[in-house]
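Compute the structure for the input listed below.
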Amino acid sequence: MPTIPQSNQKAAPASQATAVVIVPPGNPVEIRQSNAITTARYDMTALEMDIIFALLSRLNKDDKPGTMYRLRVQELEQLTGREWNYHRLGPAVEALVGRCYHIEDGNSWLKVTMLASAEYIKGHGVIELEISEKLRPYLIDLKNNFTSYRLQSVLSLTSKYAKRVYELASQWKDIGATKTYSLDEFKYMLSLKDPTGKEPEQYVQISNLKKFVLDIAVEQINEHTDLTISYKLNKVGRSFQSVCFYVVRQQPQQLPIPFELSDEDARKQTARKNLEDLGIKDPALVKHILTTETVLVELFAFMYKYKTGKIKATSNAGGLFLKMCGLAGKRTIT
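Residues are numbered from 1 along each chain as shown. All right, here's what the predicted structure looks like:
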């Protein structure tokens, strides 16, 4: 563990067994968190979220209870390209102690704060944070059902809604499309709607939800991160009821570029990639699948079940998909 300069250390009470962790600059930085955290309901400002993301990148499976994590303001400025001063950070750090996650996990729910303590050390440009012990199982030494995403990507986003959508998209990046979220479910996660109905719902008009949440998220994520996304709003009758996001990984060697395809083109691009992964290359079959809405929906449903292990196909997943949607053995589609 790196030695902390004496001038930057604070003496802890003798009864307080703590360790301060600093990660050397230049290390590849990836964040991992339980899927339950990814889909948890919480409300934070973009600045508060950036502090939490930087904290999450410091966690290690060997960390002991009571570990204190030290973030340097100068390093945060270098990561984000934005100025972080005390007048902004002080209130943000103070507010974080009271911020709660509402986590749905199986047959139970948990309401818990991220931080057990938070302190801004004046004159040193340092923040010291301690995570709540109840949250440790969702953050430390994860082996299954977790979301991974890049620290630099999520810090480059300025919209708090873009940060949340990026987390959700990252959870499903290996599948190509997220689950379909009801608009109520989506709004609950982003704290745009109160499940108890005590607080007024935000962005009730779908045009406002698109303008201030969805479109901003798509624009920022496609320009600044390792993912390319689009979304589709689904109607029941005359009203929109649900939303699904389509996710494509950008090649690591490529610089992020603005996403200029229409939503429908993006959806079909994802579908085409899924067909390639399944080994379905016959031009007539590919064209039929891409232009038949019912089969297209079946494709995304199949890929979700296949990649999450709900469908077993060890040798010929493509053949199984074609059989399930009634296209097995067909080479000429009219």
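
Can you check the distance spanned by stretch 284-301, start to finish?
The first and final residues of stretch 284-301 sit 21 Å from each other (CA to CA, to the nearest Å).

To what extent is the closest residue to Asn316 other than its chain neighbours buried, counted in neighbours?
Nearest residue to Asn316 in three dimensions, chain neighbours excluded: Gly279, at 7.8 Å (CB to CB, 6 or more residues apart in numbering). No exception for glycine: its C-beta is placed from N, CA and C like everyone else's. Neighbours of Gly279 under the rule other CB atoms under 10 Å: 11.

Begin at 91 from now on, thanks
Okay, using 91 as the starting number, the last item reads as Gly369.

How about the contacts made by Gly369?
Asn406, Ala407, Gly408 (CB atoms under 8 Å, 6 or more residues apart in numbering).

neighbours around the nearest residue to the last one once chain neighbours are set aside, how many?
This means Gly408. Sequence neighbours aside, Leu368 is the residue nearest to Gly408 in space, at 3.6 Å (criterion: CB to CB, 6+ apart). Applying other CB under 10 Å, we find 20 residues neighbouring Leu368.

Got the confidence number for Leu368?
What the model reports as pLDDT for Leu368 is 86.

Report the separation between it and Gly266.
To Gly266, Leu368 is 11 Å away according to CB to CB, to the nearest Å.

same deal with Lys325?
Distance, Lys325 to Gly266, using CB to CB: 23 Å.

How about Tyr191: what's its closest non-neighbour residue?
Ala130 (4.4 Å).

With Pro285 instead?
Using CB to CB, 6+ apart, the closest residue to Pro285 is Tyr278 (5.8 Å).

So what's the residue count around the one you found?
Other residues lying near Tyr278 total 19 when counted by other CB under 10 Å.

Now the phi/psi pair for it, please.
With angles defined as degrees, to the nearest 10, Tyr278 sits at phi -60, psi -50.

And it, what's its pLDDT?
In this model, Tyr278 is scored at 95, pLDDT.

Hmm, it is touching Arg131, no?
Yes. Between Tyr278 and Arg131 there is a contact under CB atoms under 8 Å: 5.3 Å.

between the two, what contacts are shared?
Pro285.

Looking at the contacts of Gly369, which are in helices?
Counted as lying in helices by DSSP state H, out of the contacts of Gly369, are Ala407, Gly408.

What segments of the stretch 291-424 of the chain are strands?
Under the criterion DSSP state E, counting those that start in this stretch, the stretch 291-424 of the chain contains strands at 317-326, 329-339.

gap between the residue nearest to Tyr191 and Gly408?
Distance, Ala130 to Gly408, by CB to CB: 36 Å.

So for those two, which sits in the more crowded spot?
Using other CB under 10 Å as the criterion, Ala130 and Gly408 rank with Ala130 on top: 24 against 19.

Show the contacting residues for the more buried one.
Ala130 sits next to Tyr191, His192, Ile193, Glu194, Met279 when contact means CB under 8 Å, 6+ apart.

Can you name the residues bridging to the first one?
Pointing back at Tyr191 there. As for beta bridges, Tyr191 partners with Val202 under DSSP bridges.

wait, it sits on Ile127?
Yes. Tyr191 lies in contact with Ile127 (CB under 8 Å); the separation is 6.7 Å.

Give the residues shared as contacts by the two.
Here Tyr191 and Ile127 have Leu225 as joint contacts, going by CB under 8 Å, 6+ apart.

So which residue is smack in the middle of this structure?
Glu257 (0.6 Å; CA atoms, centre = their mean).

My guess is it contacts Ser238. True?
No. Counting by CB under 8 Å, Ser238 is not a contact partner of Glu257; they are 10.3 Å apart.
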